[in-house]
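Enquirer: I'd like to go over a predicted model; first the sequence, then the structure.
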Amino acid sequence: MGGYGSGRWSGYTKKATVEERRILDIATLRQRGFLRTGYTGNCRWSDWQGNEVASIGYAATGDAIRLYYTIRRFNQEPEEVSYQVPVVWVPCNFGGQRPLFVCPGTRCGERRVAKLYLPPGGRYFLCRRCHDLSYRSRQEYNKQDALWRRDPEAYLAMLREKLRRLRSRKPAPAPRAISLRDLV
Ligand SMILES: [Zn+2]
């Protein structure tokens with residue numbers, strides 16, 4: 001399965017795909033002792049041949065983790081990114097506590113989540129809800145872009161059809177003239 005779950009910590013992915021998303025799973029971080037205050041290191045993602053495809057610097061500060069990494073996009077200057085993700089501990093049903101990230105995104109209202117995602121072309125690790133909106137608009141763009149490349153005539157026909165639909169919309173009714181009778 002590509003997509004969710006294909007990222008592995010310092011390990012192998014089942015399949016390297018361009019759609020691969022990097023996932024930070026707080027349960028894995030905890031298991032490996034990465035949440036201990038003062039822990040610093042790297043999280044790495046590898047493809048199926050074991051080649052490193054991505055790496056992020058990582059530091060646990062007690063009530064948060066700090067992430068720093070470089071984003072490389074085709075034809076653009078590399079961009080350094082660094083930010084904190086708060087970590088909270090919530091009681092479990094059967095006793096004890098478990099950690100959750102507080103999503104650093106602005107769209108979800110500080111959701112508490114166990115996993116954060118960095119999709120291809122994304123800049124930050126965010127919860128799924130935060131990514132969904134931008135993902136959907138990108139899908140729509142990709143769909144149109146693919147059509148344009150594959151079949152420019154069909155693309156133009158699609159645009160013309162869109163325009164025709166817009167034009168054929170009934171104009172809003174003009175406000176009725178108020179006659180003297182309406183006022184008395
Ligand atoms: Zn979010």
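Expert: All right, it came through fine. Since the structure is predicted, the reported quantities are computational estimates derived from the model, not experimental observations.
Enquirer: quick one: the helix or strand where Tyr117 lies near the ion?
Expert: In this structure, Tyr117 is located in strand 115-118 according to DSSP states H and E. No. On the criterion C-beta under 5 Å from the ion, strand 115-118 is out of touch with the ion, staying 8.2 Å away. Heads up, the C-betas are built off the backbone N, CA and C, glycines and all.
Enquirer: and the longest strand seen in the chain, what's buried?
Expert: If you go by DSSP state E, the chain has its longest strand at strand 79-91. Residues of strand 79-91 classed as buried by neighbour count (16 or more other C-beta atoms under 10 Å): 85, 87.
Enquirer: ok, residues contacting that strand?
Expert: Here strand 79-91 makes contact (C-beta atoms under 8 Å, 6 or more residues apart in numbering) with 26, 35, 61, 63-71, 73, 97-104, 112, 116, 123-125.
Enquirer: please give me every residue in contact with Gly38.
Expert: With the criterion set at C-beta under 8 Å, 6+ apart, Gly38 makes contact with 60-61.
Enquirer: look up the pLDDT of it for me, please.
Expert: At Gly38, the predicted lDDT confidence score is 92.
Enquirer: helix or strand: which one has it?
Expert: Following DSSP H and E, one finds Gly38 outside all helices and strands.
Enquirer: and for Arg160?
Expert: Arg160 belongs to helix 152-168 when elements are defined using DSSP H and E.
Enquirer: and if you look at Arg149?
Expert: Judged by DSSP H and E, Arg149 forms part of helix 128-150.
Enquirer: sec struct for Cys43, please.
Expert: Following DSSP: H, G, I helix; E, B strand; the rest coil, we place Cys43 in the strand state.
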